[in-house]
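*Asks:* just a sequence and a predicted model for now, questions to come.
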Amino acid sequence: MLTFSAGHSHRVCDGTSRRDFLRAGTLGMGGLSLANLLAERAAAAESGRTVSDTSVVWLWLGGGPTHVETFDPKLSAPVEYRSVTGETSTNVPGVSLGGSFTKLATVADKMAFVRSFAHSNSGHGGGTHFVMTGYDNRNIDNGGLPTRPSLGSIVSKVRGANHDQTGIPSFVRLAGITADGPAFLGPAYAPFDPTGQARSNMNLGTKVDRFDDRRELLGSLDRLRRESDSHGLMNGLDEFEQQAFQLLLGQSADAFDVTKEHAPTAAKYGKDLLAQRMLVARRLVEKGCGFVTINYGGWDMHQQIERGMNRLAPALDHAVATFLEDVAQRGMSEKVLLVITGEFGRTPRINRNAGRDHWAPLSTLALAGGNLKMGQVVGESMPKADVPKTKPIRPQDLMATVFHHLGIDSKTQFVNQGGRPVYVLEHGQPIAELI
């Protein structure tokens, strides 16, 4: 964070020191700076890594969303198994969703609903690690640490931590998710969190007791930029430090600011927090961000699942439908892949508390955009929605689907904490190749 505190460093222009100037690029991630990350970005380009204009928005329904009341209502099942919210018909013939999703029903032709997604870890932490990384980790729910990098961190490693033209971070977190970090890839590839110190640094935040007027600071920086040649400041910075300073006042910071959105579009999203985050996600991917995660929690519905759905589903229904219409109108549908999932599904049979418990053998997954055919159901569950009837889609298949969309080689290897090269994807196939 750029500060104007007392010290002995050399001061230039109107009181700003070179040290302060350099600190303007700090992203607040373990002492790393935007300049460091830009240098890494350049190294990635020199090593032959390619940059794609495709992106992923990963909407995480934290707590384990019910697969029955969301995308597999199973009205043909006995009453204790079927959706307690009923079902709603969609604009795709023969496809229905849970009764809470009347707006999603109107954009079902832009989505693919996977009814055979399954894995084997019904713990919150373990299931999250499995879905977010493609690998099971039985120690997570007993205090263990993530052993594999998340999909977002892999994208950041492959593409470089920042977009070379806009400065947008390659991986942005909008509300945290367990196991969404870089593991052995290192902190340079951790998600950029705009709600934390990183956002303050991008805003060139100052201590309140020193600068009450941010415009005054920006004016000072503008004078600093104009007068830098006469003071030799810019000459003392390397190319990445200079670029970092320019980016901080440019598109990267603006993308997070929904007040700059076209008013009619902003009005369609509305003021709900999830919708606002979906709008930020769209603005980020439009500027080159490769991977955005959004956590919309509260889905651990062991009791009164109908009440829980009535509380959470309307915001999800509105935000996703609005987002899909928005990206379609902007011609971005093929470039942006939306993933909707959580750590697992819920038990197929309603429990004695009118809720559902943890259930990984059949889990929730829906996709929109990318190169997968939309307006379809992928796979089928058994009559009581307990396990897949067709070939299961596994976390590594989802991972392979994301890699394919982003143009990441499925044979990519990184060196792990033991100093050994490991494949980040070992046996998954893109979902389009499994159906």
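*Replies:* In hand now; what should we look at? Keep in mind it's a predicted model, so treat the numbers as computed, not measured. Residues are numbered from 1 along each chain as shown.

*Asks:* please make it C-alpha for all contacts and neighbour counts, starting now.
*Replies:* OK.

*Asks:* now do the contacts for the residue nearest to the spatial centre of the chain.
*Replies:* Nearest to the mean C-alpha position of the chain, by Cα atoms, centre = their mean, lies Thr293 at 1.5 Å. If a contact means Cα atoms under 8 Å, 6 or more residues apart in numbering, then Thr293 has Val57, Trp58, Leu59, Trp60, Gly152, Val172, Arg173, Leu174, Ala175, Gly176 as its contacts.

*Asks:* quick one: residues in contact with the helix or strand containing the first one.
*Replies:* Read it as Val57. Val57 is located in strand 55-60, with elements delineated by DSSP states H and E. Strand 55-60 has contacts (Cα under 8 Å, 6+ apart) with 177, 281, 285, 288-297, 335-342, 402, 405-406.

*Asks:* go through those and flag which are in helices.
*Replies:* Using DSSP state H, the subset of the contacts of strand 55-60 located in helices is Ala281, Val285, Val402, His405, Leu406.

*Asks:* now those residues as JSON lines including pLDDT?
*Replies:* Formatted as JSON lines, those follow (pLDDT from 0 to 100):
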{"residue": "Ala281", "pLDDT": "97"}
{"residue": "Val285", "pLDDT": "96"}
{"residue": "Val402", "pLDDT": "97"}
{"residue": "His405", "pLDDT": "96"}
{"residue": "Leu406", "pLDDT": "95"}
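
*Asks:* among the residues you listed, which one lies nearest to Ile140?
*Replies:* The shortest approach to Ile140 among the ones in helices among the contacts of strand 55-60 belongs to Val402, at 23.9 Å (Cα to Cα).

*Asks:* any idea how far that closest one lies from Leu338?
*Replies:* Val402 is 10 Å from Leu338, where distance means Cα to Cα, to the nearest Å.

*Asks:* same thing with Leu274?
*Replies:* Leu274 is 14 Å from Leu338, by Cα to Cα.

*Asks:* and what of Thr401?
*Replies:* 11 Å.

*Asks:* ok, back up a step: go through the ones in helices among the contacts of strand 55-60 and single out the one with the most neighbours.
*Replies:* Greatest neighbour count in the ones in helices among the contacts of strand 55-60, by other Cα atoms under 10 Å, goes to Ala281: 26 neighbours.

*Asks:* which residue is the nearest non-sequential neighbour of it?
*Replies:* Nearest-residue entry for Ala281: Val292, 6.3 Å, with adjacent residues in sequence omitted and distances by Cα to Cα, 6 or more residues apart in numbering.

*Asks:* who's the one you found bridged to?
*Replies:* Taking DSSP bridges as the rule, Val292 bridges to Val57, Val172.

*Asks:* likewise for Ser89?
*Replies:* Residues in beta-bridge contact with Ser89 (DSSP bridges): Ser96.

*Asks:* isn't it up against Leu97?
*Replies:* Yes - using Cα atoms under 8 Å, Ser89 makes contact with Leu97 at a distance of 6.6 Å.

*Asks:* who touches both of these two?
*Replies:* With Cα under 8 Å, 6+ apart as the test, Ser89 and Leu97 both reach Ala105.

*Asks:* these two - which one has more neighbours?
*Replies:* Just comparing Ser89 and Leu97: by other Cα under 10 Å the higher neighbour count belongs to Leu97, 25 against 17.

*Asks:* find the nearest non-adjacent residue to that one, please.
*Replies:* Nearest non-adjacent residue to Leu97, counting by Cα to Cα, 6+ apart: Phe71, 4.8 Å away.

*Asks:* neighbours of the one you found, how many?
*Replies:* 24.

*Asks:* how close does it sit to Thr390?
*Replies:* For Phe71 relative to Thr390 (Cα to Cα), the value is 16 Å.

*Asks:* do Met374 as well
*Replies:* For Met374, the distance to Thr390 - Cα to Cα - is 19 Å.

*Asks:* check the offset of the longest helix seen in the chain from the chain's centre.
*Replies:* When secondary structure is assigned using DSSP H, the longest helix within the chain turns out to be helix 305-329. Relative to its chain's centre, helix 305-329 lies at 17 Å (Cα atoms, centre = their mean, to the nearest Å).

*Asks:* what's the answer for stretch 145-160, then?
*Replies:* 12 Å.

*Asks:* could you tell me the end-to-end distance of that stretch?
*Replies:* Stretch 145-160 has its terminal residues 24 Å apart, counting by Cα to Cα.

*Asks:* got it, and stretch 165-181?
*Replies:* 25 Å.

*Asks:* avg pLDDT for stretch 414-425?
*Replies:* Stretch 414-425 shows a mean pLDDT of 93.

*Asks:* show me which parts of that stretch are buried, residue by residue.
*Replies:* Neighbour-count burial for stretch 414-425 flags Asn416, Val424, Leu425 (criterion: 16 or more other Cα atoms under 10 Å).

*Asks:* from the residues you listed, which land in helices?
*Replies:* Using DSSP H, the subset of the buried residues of stretch 414-425 located in helices is empty.

*Asks:* how about the closest residue to Gln417 other than its chain neighbours, phi and psi?
*Replies:* Take Gln417 and drop its neighbours on the chain: the residue closest to it by Cα to Cα, 6+ apart is Phe184, 5.3 Å away. When read as degrees, to the nearest 10, the backbone of Phe184 gives phi -70, psi -10.

*Asks:* ok, Phe184 - contacts?
*Replies:* By Cα under 8 Å, 6+ apart, the contact set of Phe184 is Thr147, Arg148, Pro149, Val415, Asn416, Gln417.

*Asks:* rebuild the residues you listed as JSON lines, extending it with distance to Ala360.
*Replies:* As requested, those are exported to JSON lines (distance: Cα to Cα, whole Å):
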{"residue": "Thr147", "distance to Ala360": "20"}
{"residue": "Arg148", "distance to Ala360": "20"}
{"residue": "Pro149", "distance to Ala360": "21"}
{"residue": "Val415", "distance to Ala360": "30"}
{"residue": "Asn416", "distance to Ala360": "28"}
{"residue": "Gln417", "distance to Ala360": "29"}
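
*Asks:* which of those residues lies closest to Ala368?
*Replies:* Pro149 (23.8 Å).

*Asks:* isn't that closest one up against Pro187?
*Replies:* No - if you go by Cα under 8 Å, Pro149 and Pro187 don't touch, sitting 10.7 Å apart.
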